[in-house]
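> Please work out how this folds:
(one chain, ligands or ions: 1)
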Amino acid sequence: MTLRFTKMQGLGNDFIVLDGVRNPIALDAAQVQQLGDRHFGVGFDQLLLVEPAQQAGHDFRYRIFNSSGEEVEHCGNGARCFLKFVRDQGLTDKRELAVETARGVIYPKLEDNGEVTVDMGPPELHAAEVPFLAEHEAVIHPLQVGDEVFDITAVSMGNPHAVQVVDDVDTDLVQRVGPLIEKHARFPRKVNAGFMQIVSRDAIKLRVYERGAGETLACGTGACAAVVAGIQRGLLNGRVRVSTRGGDLTIAWAGGDAPVLMTGPAVTVFEGVINLPEA
Ligand SMILES: N[C@H](CCC[C@H](N)C(=O)O)C(=O)O
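Numbers count the residues shown, from 1 in each chain. Below is the predicted model of the structure:
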């Protein structure tokens, strides 16, 4: 069976996007892994599947699969590409959408300059909801990793994040410790490991070792989680420029149950057709 796809990227975090609206698409983990293989398939960090909304008043459903094959709850860079995709494919002419995800509804909006702002919903800070195994609620938790201890802040943006502050993001720490934190036993559903360097109260540098994908050039939910963690720690103001290896995002959060707002680019790289591996 052949499969039409659109290759897209948000700050170098790359995706294939599939239209499951005109024709339903069902993929198992092995097929996602094969499609995601950068030598034997198309290659991507995540696969994004567009489906019809399940509830009245919503526009679409948004499903996300890591290149490891597992389905996950959220993808920020993908949400910006999602809006561009459904408009470019003629699935809608709206500039602002209500999109169902596994953990709530998000609201991507096309800006006049072509960038996309996404209302990502409020962060979840209760450890049990991240989920993160902790005896008590705290902004900072010491996390034992081998014979080292790292001070992390656990945040969910629908998907789990463990954020720490480092003096310099450009060291081997991300590749050395990221995989150990990703699969740490205190994160029952594994975790995205964020490493942020505070540049000022309005700017950070960020690298994320992503659950199920490894280090990506940018992570949208990771940028949201890092800014929330920085504000919780009293280190950041309410609107922050997040510099990733793939480029800059703007993240804003007013605290409490206010939604986190993320603004950045979405780019179509090419359209393609692939022979879908047999299930
Ligand atoms: N690896 C993430 C999903 C993709 C998130 C990232 N690509 C983003 O832009 O938010 C997870 O397993 O929760």
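> C-alpha from now on. contacts and neighbour counts both.
Fine.
> Could you give the number of residues near Ile198?
19 (other C-alpha atoms under 10 Å).
> and what of Leu133?
Counted with other C-alpha under 10 Å, Leu133 comes out at 14.
> Return the residues in contact with it.
Contacts here follow C-alpha atoms under 8 Å, 6 or more residues apart in numbering; on that basis Leu133 touches 127, 186-188.
> Repeat the analysis, applying 6 Å as the threshold.
Arg186 (C-alpha atoms under 6 Å, 6 or more residues apart in numbering).
> what does Leu3 give?
273-274, 276 are the contacts of Leu3 under C-alpha under 6 Å, 6+ apart.
> And Gly10, by the same measure?
77, 265-266.
> Looking at these, state which has the most neighbours.
Asn77 (30 neighbours).
> Could you point out which of the contacts of Leu3 is nearest to Asp248?
Val273 (31.0 Å; C-alpha to C-alpha).
> Name every strand pairing with the helix or strand encompassing the closest one and say which way it goes.
Using DSSP states H and E, Val273 maps to strand 267-275. Sheet pairing here is set by DSSP bridges, and for strand 267-275 it gives strand 2-10 (antiparallel).
> Toward the C-terminus, what is the element adjacent to the strand it pairs with?
Reading on from strand 2-10 to the C-terminus, the next helix or strand found by DSSP H and E is strand 13-19.
> Now the helix or strand just after that next one: buried residues?
The element immediately downstream of strand 13-19 (helix or strand, assigned by DSSP H and E) is helix 29-36. Using 16 or more other C-alpha atoms under 10 Å as the test for burial, helix 29-36 gives 29-36.
> For the stretch 101-250 of the chain, just list every one of the helices.
173-182, 220-232 (DSSP state H, counting those that start in this stretch).
> quick one: Ser156 and the ligand, what's the gap?
9 Å (C-alpha to the nearest ligand atom, to the nearest Å).
> How many residues are close by that residue?
So Ser156, with other C-alpha under 10 Å, has 26 neighbours.
> same check, this time on Val105
Neighbours of Val105 under the rule other C-alpha under 10 Å: 18.
> cool, and the one 10 residues further on?
Using other C-alpha under 10 Å, Glu115 is surrounded by 16 other residues.
> what sits against it?
Applying C-alpha under 6 Å, 6+ apart, the residues contacting Glu115 are 264-265.
> Check Val242 too.
Counted by C-alpha under 6 Å, 6+ apart, Val242 has contacts 203-205, 248-249.
> next one: Asp151
Counting by C-alpha under 6 Å, 6+ apart, Asp151 has contacts 140-142.
> Strands along the stretch 51-200 of the chain, start to end?
Applying DSSP state E, counting those that start in this stretch to the stretch 51-200 of the chain gives strands spanning 60-66, 71-72, 99-101, 104-110, 116-119, 141-145, 148-156, 160-165, 192-200.
> Compute the distance from the centre of the second one to the centre of its chain.
Here strand 71-72 is found 11 Å from its chain centre; the criterion is C-alpha atoms, centre = their mean, to the nearest Å.
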